[in-house]
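Novice: prediction below, plus the sequence it came from.
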Amino acid sequence: MIQLGVNIDHIVTIRQARGTRYPSPVQAALVAESAGADAITLHLREDRRHIQDHDVDTLSRVLTTRMNLEMAVTDEMLGIACRVMPQDACLVPERREELTTEGGLDVAGQLDKVKRACGVLGEAGIRVSLFIDADPRQLDAARACDAPVVEIHTGRFADAHSRADQAGELQRIVAAVEYGNRIGLQVNAGHGLHYHNVQDIAAIPGVAELNIGHAIVAHALFVGWEAAVREMKRLMLAVAPESRGG
Ligand SMILES: CC(=O)[C@@H](O)[C@H](O)COP(=O)(O)O
Ligand SMILES: NCC(=O)COP(=O)(O)O
């Protein structure tokens, strides 16, 4: 059954805006898990603009589902991951100046570095996911790094300005999911998904998990956090092929 990873980065953005102790990422994570989240995703960025090291430590002790720790491919982050031991670690590109993640990790262009990181995490018993564009070359490179999972970056689909562009991006994602499954990868997807575009992605046969955060946090301002998580999961299950006997 398709799974939902709830990204709580922007719960923490609100806390960091004033340096308060609220809202609590622990409370957000536990409520999300009770509302149907299958994993909690958090991005420990090099610039610590939202998630802090202490959040990662605390959450690793209290989650009852899975921690999916998003991180750059750096020795600092590898060390943190091997200390915290999340069930999943997703390697993502990072630029300090970026507003948010702008694209997928260029695995093909830095194969040795990514393969080494995958080895370090894999040997520690952490399941590695590579956050990549919907590109067969990147899928092949992920396979060459022995990463068991990839997450297809859906940002270009989400940000497409015309229906034609969005349809084109969706086709690229559909083809990438099919190819990734064919070469033995678990294929997840995420970035920029919201209540009006998630079903296009959730309906794709072979998508195992969606990681969604910003839109759920935004929707929660109007309906409440538990209801926002529950609604996102409901929308996903309503169209997932396995829910339709696919
Ligand atoms: C990798 C990705 O697409 C997101 O999970 C990432 O966390 C985005 O960064 P911000 O959460 O800082 O916007
Ligand atoms: N990897 C995508 C993720 O975790 C959440 O991205 P977004 O929904 O906050 O854009």
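Specialist: Received the coordinates, thanks. Ligands and ions are numbered 1, 2, ... in the order given.
Novice: give me the three-state assignment for the spatially most central residue of the chain.
Specialist: By CA atoms, centre = their mean, the chain has its centre lying nearest to Asn211, at 3.9 Å. For Asn211, the secondary structure call by DSSP: H, G, I helix; E, B strand; the rest coil comes out as strand.
Novice: after the helix or strand that contains Gln27, which helix or strand is next?
Specialist: Here Gln27, judged by DSSP states H and E, is contained in helix 25-34. Read in the C-terminal direction, the helix or strand following helix 25-34 is strand 39-43, with elements assigned using DSSP H and E.
Novice: that following strand: what's the following helix or strand?
Specialist: Toward the C-terminus, strand 39-43 is succeeded by helix 53-62 as the next helix or strand (DSSP H and E).
Novice: elements contacting that next one?
Specialist: In terms of contacts (3 or more CB pairs under 8 Å, 6 or more residues apart in numbering; DSSP states H and E), helix 53-62 is packed against helix 25-34, strand 39-43, strand 67-71, helix 75-84. Placement of C-beta: from N, CA and C, glycine included.
Novice: coming back round to it: chain center to the helix holding Gln27, what's the gap?
Specialist: Taking the mean of its C-alpha atoms, helix 25-34 sits 17 Å from the chain's own mean (CA atoms, centre = their mean, to the nearest Å).
Novice: verify the stated contact: Asp53 with Ala81.
Specialist: No - here Asp53 does not reach Ala81: they are 11.7 Å apart, not a contact under CB atoms under 8 Å.
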